[in-house]
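> Sequence plus the predicted model coming up.
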Amino acid sequence: MKVAEMPVESVFPRLEALLPHVQKPIQYVGGELNSTVKEWDATDVRWALMYPDAYEVGLPNQGVMILYEVLNERDGVLAERTYSVWPDLEALMREHGVPQFTVDAHRPVRAFDVFGLSFSTELGYTNMLTALDLAGIPLRAADRTLDDPIVLAGGHAAFNPEPIADFIDAAVIGDGEQAVLEMTEVIRAWKAEGRPGGRDEVLLRLAKTGGVYVPRFYDVEYLPDGRIARVVPNRSGVPWRVSKHTVMDLDEWPYPKQPLVPLAETVHERMSVEIFRGCTRGCRFCQAGMITRPVRERSITGIGEMVEAGLKATGFEEVGLLSLSSADHTEIADIAKGLADRYEDDKIGLSLPSTRVDAFNIDLANELTRNGRRSGLTFAPEGGSERIRKVINKMVSEEDLIRTVATAYGNGWRQVKLYFMCGLPTETDEDVLQIAEMAKKVIAKGREVTGQNDIRCTVSIGGFVPKPHTPFQWAPQLGVEETDARLEKLRDAIRGDRKYGRNIGFRYHDGKPGIIEGLLSRGDRRVGAVIRAVYEDGGRFDGWREHFSYDRWLRACQTALPPEGLDLAWYTTRERTAEEVLPWDHLDSGLDKDWLWEDWQDALDETEVDDCRWTPCFDCGVCPQLDLDIQIGPTGKKLLPLTVVNAAPGGDASA
Ligand code: SF4
């Protein structure tokens, strides 16, 4: 039995009247090149996809762009995008009763079957609450009715969705491409049957697939001291642990095929091709590296086809070759040279947004910049001293760095940027002060190689936040005052240096946003009350310095946590023990908890582990647990064919 649905009208006429009164109205009008508007009535499962940040950050997001296209390619499925509206429009929408809308056809978000949010950072949680409220969807999942969409969280932050467990109906961890299609089929079947059993039934069907986490089907029991005793399913057929999704053959999923071209200015004005997923370097602080294992490379042929199709579809003049450590692709030299040759006449620039010092070589850098600007080189040693780099397993020696930098200066570069973290486990002031020494050596080497004085080195430092599913998930986070004091000492050491100080740029952030990110990253369900209190106190766009208010978060912690016998420090600066049940233990990233603990102990002993791509498997658990294997080249394939036949719209992505 098919359920009759209410007609859904565009809110644009009402929105349009408000746009002359807000900043950057163009971001709300939609109609971007390669965007899709499908007929509502011709589809039976409809997704509203949100990157919970402003358009300028959200539009280039690859995750949303990929799912948007994967879903819209299917017959009977519709996907539209929505972004966070700025506070000026939010106020007007509330005043005039305009609900949260999609930018594609300006349909109200509440009319969709699924409202899927992709979280790359936990600081987007308050923006989710704003969007839910503007949409007219009850904030608490328990209060929703059959007329409300399924609110679904994805993205890296969803690997611990417990702090937002009260607000979401479901979460999916891992790669989304296949997961959204599987979910679509479950929802379609339930709707076609006349929605039997209401929301509870469809959520149960999704949970029983084993790959969708539905928080309401799990009870959390606590110990008297506040730690978790256990997490138990409260329905039969629901798995004890929910598995992550892993797409194994990236060549079968060449998305986005038709990248969106933004209307308003955005953070990236280029097209991106993901050249591999996963990373097994084993940097212990890096959640992305741990949760995206194993490594899966896209073939050189597949990359060539995506670049060709994407450039044709967009007219962009720059291509970013994305991954967690792009120079690690086994065929990166051929890829860079091949693409630089092919697009030499068109002056298409190539960039590798993330590059490791030891995988970098100047031939590669020269190929990449052949058709474009030779701007600065950026490296991320992450830790200032050799000792701390052993703790974090970032095996970059100072010698490697200086040697690479010398070659770079010798080849015409004049600017080097270095990224570091402050507050790493076991770190002392001395480790951080070594950052100044490294920067001085870089400049000294640059002066020596070039014979010139105008050599610059910029040092950029972020606060370290321990993340779930990493060996540092048990580590105490460094407090705000200690972080700030350490960074001040470093700043003084740099500024006070007469010979080099003026050539060293110093960018750092204070420790406050990091501690709140720490609370949200390793929090449990009780942190939901804090997020809600912050939202109700006006918290929006917490990832933006100018909007983030530490005092607002502190106030919320001081009211919401003491009734539970907890406080901010309990969640952040407290070290966890081996036997503690962690809030995310029932979400299976494939990593073996015992292996993570051993790796944490190795960190404390300053013992490094090698990359399993080039050395034997070190038993992190991912491959046997998920029945997968690492997948790397060389493939022997070539950067051909030159002519690409675009997939027909509506075609099967996996064909
Ligand atoms: S199981 Fe072994 S081969 Fe697979 S990612 Fe872990 S360490 Fe590498």
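Alright, I've got the coordinates. Since the model is a prediction, treat every value here as computed from it, not as a measurement. Numbering: from 1, shown residues only.
> quick one: what helix or strand has K38 in it?
Secondary structure here is read from DSSP states H and E; on that basis K38 sits in neither a helix nor a strand.
> what are the C-alpha coordinates of stretch 540-556, in PDB please?
Extracted in PDB, the C-alpha atoms of stretch 540-556 (Å, rounded to 0.1, in the frame of the first residue of the first chain):
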ATOM      1  CA  ARG A 540      26.300  28.700  16.600                       C
ATOM      2  CA  PHE A 541      29.200  28.100  14.200                       C
ATOM      3  CA  ASP A 542      31.500  26.900  17.000                       C
ATOM      4  CA  GLY A 543      34.200  26.000  14.500                       C
ATOM      5  CA  TRP A 544      34.600  29.700  13.700                       C
ATOM      6  CA  ARG A 545      36.800  31.700  16.000                       C
ATOM      7  CA  GLU A 546      34.600  34.800  15.800                       C
ATOM      8  CA  HIS A 547      31.500  32.900  16.900                       C
ATOM      9  CA  PHE A 548      33.000  30.400  19.400                       C
ATOM     10  CA  SER A 549      32.500  31.400  23.000                       C
ATOM     11  CA  TYR A 550      34.400  29.400  25.600                       C
ATOM     12  CA  ASP A 551      32.500  31.100  28.400                       C
ATOM     13  CA  ARG A 552      29.200  29.800  26.900                       C
ATOM     14  CA  TRP A 553      30.500  26.300  26.900                       C
ATOM     15  CA  LEU A 554      31.900  26.600  30.400                       C
ATOM     16  CA  ARG A 555      28.500  27.900  31.600                       C
ATOM     17  CA  ALA A 556      26.700  25.000  30.000                       C
END
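> Enumerate residues external to it that contact any of its residues.
For stretch 540-556, the surrounding residues in contact (Cβ atoms under 8 Å, 6 or more residues apart in numbering) are 53-54, 84, 87, 90, 121, 123-127, 130, 480, 509, 512-513, 516, 519, 529-531, 533-534, 537-539, 568. For glycine as for every other residue, the C-beta is placed from the backbone atoms N, C-alpha and C.
> hmm, which of these are the buried ones?
A residue is treated as buried here by neighbour count (16 or more other Cβ atoms under 10 Å); on that basis the buried members of the contacts of stretch 540-556 are 53-54, 84, 90, 121, 123-127, 130, 480, 509, 512-513, 516, 519, 529-531, 533-534, 539, 568.
> So which of the contacts of stretch 540-556 reach the ligand?
The residues of these that also fall near the ligand, by Cβ under 6 Å from any ligand atom, amount to none at all.
> I'd like the list of the residues you listed that fall within helices, please.
In this view, the contacts of stretch 540-556 that belong to helices under DSSP state H are 87, 90, 125-127, 130, 480, 512-513, 516, 519, 529-531, 533-534, 568.
> quick one: the helices in the stretch 201-350 of the chain?
For the stretch 201-350 of the chain, applying DSSP state H, counting those that start in this stretch gives helices covering 287-291, 300-314, 332-342.
> Quick one, which of those helices gets closest to the ligand.
The ligand lies closest, by Cβ to the nearest ligand atom, to one member of the helices of the stretch 201-350 of the chain: helix 287-291, at 9.6 Å.
> Surely V622 is in contact with V295?
No: because the distance of 10.1 Å does not satisfy Cβ atoms under 8 Å, V622 is recorded as not touching V295.
> Find the closest residue to the ligand in the stretch 51-200 of the chain.
Counting by Cβ to the nearest ligand atom, the stretch 51-200 of the chain gets nearest to the ligand through G174 (14.2 Å).
> Next up, phi/psi of that residue, please.
Main-chain torsions, G174, degrees, to the nearest 10: phi 100, psi -160.
> what does V295 give?
Backbone torsions for V295, taken as degrees, to the nearest 10, come to phi -70, psi 130.
> State the number of residues packed around it.
25 (other Cβ atoms under 10 Å).
> Just give the closest residue to E430, not the sequence neighbours.
When the adjacent residues along the chain are set aside, E430 lies closest to S385, with 7.0 Å between them (Cβ to Cβ, 6 or more residues apart in numbering).
> give me the number of residues near the one you found?
Neighbour count for S385, taken as other Cβ under 10 Å: 20.
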